[in-house]
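**Q** here is my input; please provide its structure:
(2 chains)
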Amino acid sequence: MSQAPDPYGTAADESPSALADEAADAQPDLAIAEPESPMLTERARSRRSTAVAAVGLGVSLVVWGWFATANARDGWWAMGDHVAISPDADGWAASAPVTVRLDEVTPDASVADGSAPAGFSYLELVFDVGSTEKESTVSCTVEVLAADGRLFLAGREVPGLGDEYVSELACGTSDPVEYPVPERQAMLVLLPDGAEPVSVRVDSPAFPPAEFIELPAS
Amino acid sequence: MRARWGLAAMAAAAVLAGGLANAADDALLPSGWTTTVRGAEGEDVVVGNLQVHVHGATASTRVDDLDGPLTSPGLFVAVDLSYATTDAWATPEVIVLIDGDGREYSDPSNLGLSGSTWLAGPDIWFRGDLLFEVPADAVTSSLTLEIRPETAVAVLPSTIGQIPLTVTRAEDPLEIGSDTLLAEGER
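**A** Here you go, the predicted structure:
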């Protein structure tokens, strides 16, 4: 079935505006482009300048802040404990020149030399210790981290020091023949009732900056 | 025009940031940007990471030393106090006496007796005496114990504690004992 011709179609298609549209389709860039308004150009340039200035300001402040805080950042990193060394599958953790393993943890330990004050108990820790330090005496401090964040120093206000227990771990010796580092060392920690040990931290000035050893207490 | 305002605002912000940083650096931080906690005798006072309980203070012209009594041209003041920390074992950095005229007195470390600060643990309280030597007129004005728990770092804010003291005069020489660990709940 044929469609009836549009009686106005030919005339409309051949109108001047239709011809102009066709010309525009044929050369779209030339037809659409309008001469840029001086106001619009100025505004776009201003926006671009503002954006560049804002980025420059932000970068400048960040760079300034980075240099201004250099000493504080260095001190904070070097003086604090930020890198925890965890034990391997056998329980050994190493931070040169020391390797250490927490072998036994005994809560509420009974000690022959005395009982803990009311409201306190003794936590007994037994370590296996190895050291490659053969030229100077190195001590390691031991702290117990409780679940609430408190740190309890081992070897303070405890009995049996110098005999069965040590106040600091021997982690290096200047005379490995006469005074070798004991392979097994025990410590007591005074804990208030209610303190829940989470981990045991071993630290020493001989360790690399910011490093400490953290051994699970369970 | 709007862009110029934006640039002007950013320039002003940059100048303001620099000015504030400079003002803080010059005026506040090096001179000790501190928060002061004011307490009283007979109560627990938390100052930074330190918990303090002052029992009282006694003044005398004499103090028992290892080699016998020492006599001061002014007065010895023994402050009886207990303290513990809140976080880890530590010794308070500085504890001084301040008189009503703002003069500060630290412990006489040249004497051969105890009476200096001691190590305490988190919620592990110790009781002892801090010894100071002051001019005789210092006690007539009010004496305050000032506690600075941590090392003053010029670029960090800090907290100090101030506890006014009631000083009792004694004729006998002061006896300065060593610090002792307290059972739970004791002060």
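**Q** quick check: B:Ala13 vs B:Ser72, distance?
**A** Distance, B:Ala13 to B:Ser72, using Cβ to Cβ, to the nearest Å: 59 Å. C-beta coordinates here come from the backbone N, C-alpha and C atoms, glycine included.
**Q** out of the two, which sits in the more crowded spot?
**A** Set B:Ala13 next to B:Ser72 and count neighbours by other Cβ atoms under 10 Å in any protein chain shown: B:Ser72 wins out with 17 against 13.
**Q** and the more buried one, what does it touch?
**A** Contacts for B:Ser72 (Cβ atoms under 8 Å, 6 or more residues apart in numbering or on different chains) come out as B:Thr61, B:Arg62, B:Val63, B:Glu133.
**Q** partner residues bridging the last one?
**A** The bridge-partner assignment for B:Glu133, based on DSSP bridges, gives B:Phe76.
**Q** so what's it up against?
**A** Taking Cβ under 8 Å, 6+ apart as the test, what B:Glu133 contacts is B:Ser72, B:Gly74, B:Leu75, B:Phe76, B:Val77, B:Tyr105, B:Pro108.
**Q** can you give the domain ranges for chain A?
**A** A:34-79, A:85-216 (automatic domain parsing).
**Q** any idea which of these is most buried?
**A** Mean neighbours per residue, mean count of other Cβ atoms under 10 Å in any protein chain shown, is largest over the domains of chain A for domain A:85-216, with a mean of 17.
**Q** please compute how far that domain lies from its chain's middle.
**A** Here domain A:85-216 is found 25 Å from its chain centre; the criterion is Cα atoms, centre = their mean, to the nearest Å.
**Q** can you tell me if it touches chain B.
**A** Yes - using Cβ under 8 Å from any Cβ of the partner chain, we find that domain A:85-216 touches chain B at A:117-120, A:143, A:149-153, A:156-157, A:190, A:192-193.
**Q** point out where chain B drops to low pLDDT.
**A** B:1-3, B:25-33, B:109-113, B:140-141, B:152-156 (pLDDT under 70).
**Q** get me the contact residues on it for chain A.
**A** B:2-4, B:6-7, B:10, B:13-14, B:17, B:21, B:86-89, B:119, B:121-124, B:155, B:181-185.
**Q** quick one: the strands in chain B, in order.
**A** For chain B, strands defined by DSSP state E occupy the ranges B:34-38, B:44-47, B:50-65, B:68-85, B:94-98, B:104-105, B:126-134, B:143-148, B:158-165, B:167-169, B:180-181.
**Q** again, but for chain A
**A** When assigned using DSSP E, the strands of chain A occupy the ranges A:83-85, A:92-95, A:98-106, A:120-131, A:138-146, A:151-153, A:169-172, A:184-192, A:197-203, A:211-216.
**Q** same list, these, but as a markdown table with distance to A:Arg45 and mean pLDDT please.
**A** Output for the strands of chain A, formatted as a markdown table (distance: least, Cβ to Cβ, whole Å; pLDDT from 0 to 100):
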| stretch | distance to A:Arg45 | mean pLDDT |
| --- | --- | --- |
| strand A:83-85 | 51 | 95 |
| strand A:92-95 | 59 | 96 |
| strand A:98-106 | 65 | 96 |
| strand A:120-131 | 69 | 96 |
| strand A:138-146 | 60 | 96 |
| strand A:151-153 | 60 | 98 |
| strand A:169-172 | 67 | 95 |
| strand A:184-192 | 70 | 97 |
| strand A:197-203 | 60 | 97 |
| strand A:211-216 | 54 | 96 |
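**Q** still on that earlier bit, which among the residues of chain B next to chain A end up buried?
**A** B:3, B:6-7, B:10, B:14, B:86, B:89, B:121-124, B:181-182 (16 or more other Cβ atoms under 10 Å in any protein chain shown).
**Q** can you name the two of the residues you listed that sit furthest apart?
**A** Within these, two members stand farthest from each other by Cβ to Cβ: B:Ala3 and B:Leu181, at 70.2 Å.
**Q** looking at the chain, which helix is longest?
**A** Unless you meant another one, I'm taking chain A. helix A:38-68 (DSSP state H).
**Q** wait, chain B was what I had in mind.
**A** Max-length helix for chain B by DSSP H is helix B:2-23.
**Q** what angle separates that helix from helix A:38-68?
**A** 10 degrees (axes from the mean of the first three to the mean of the last three Cα atoms, to 10 degrees).
**Q** off-centre distance for helix B:2-23?
**A** For helix B:2-23 - counting by Cα atoms, centre = their mean - the centre lies 41 Å from the chain centre.
**Q** show me what B:Asp65 is bridged to.
**A** B:Gly68.
**Q** in chain A, what residue is nearest chain B?
**A** A:Gly119 (2.2 Å; Cβ to the nearest Cβ).
**Q** quick one: residues contacting whichever residue of chain B sits closest to chain A.
**A** The minimum distance from chain B to chain A, using Cβ to the nearest Cβ, falls at B:Glu184 (2.2 Å). Going by Cβ under 8 Å, 6+ apart, B:Glu184 touches A:Pro117, A:Ala118, A:Gly119, A:Phe120, A:Pro192, A:Asp193.
**Q** let's see that with 6 Å instead.
**A** Taking Cβ atoms under 6 Å, 6 or more residues apart in numbering or on different chains, we find B:Glu184 in contact with A:Ala118, A:Gly119.
**Q** give me the number of residues near the nearest residue to B:Glu41 once chain neighbours are set aside?
**A** Spatially, and ignoring its direct neighbours in sequence, B:Glu41 is nearest to B:Val54 (4.8 Å; Cβ to Cβ, 6 or more residues apart in numbering or on different chains). Per other Cβ under 10 Å, the neighbour tally for B:Val54 reads 26.
**Q** residues contacting B:Val54?
**A** Per Cβ under 6 Å, 6+ apart, neighbours of B:Val54: B:Glu41, B:Leu81, B:Ile163.
**Q** go ahead and flag the most central residue of chain A.
**A** For chain A, the residue sitting closest to the mean C-alpha position, by Cα atoms, centre = their mean, is A:His82 at 7.1 Å.
**Q** tell me the pLDDT at the nearest residue to that one once chain neighbours are set aside?
**A** Spatial nearest neighbour of A:His82, excluding adjacent residues (Cβ to Cβ, 6+ apart): A:Ala210 at 4.3 Å. pLDDT, A:Ala210: 90.
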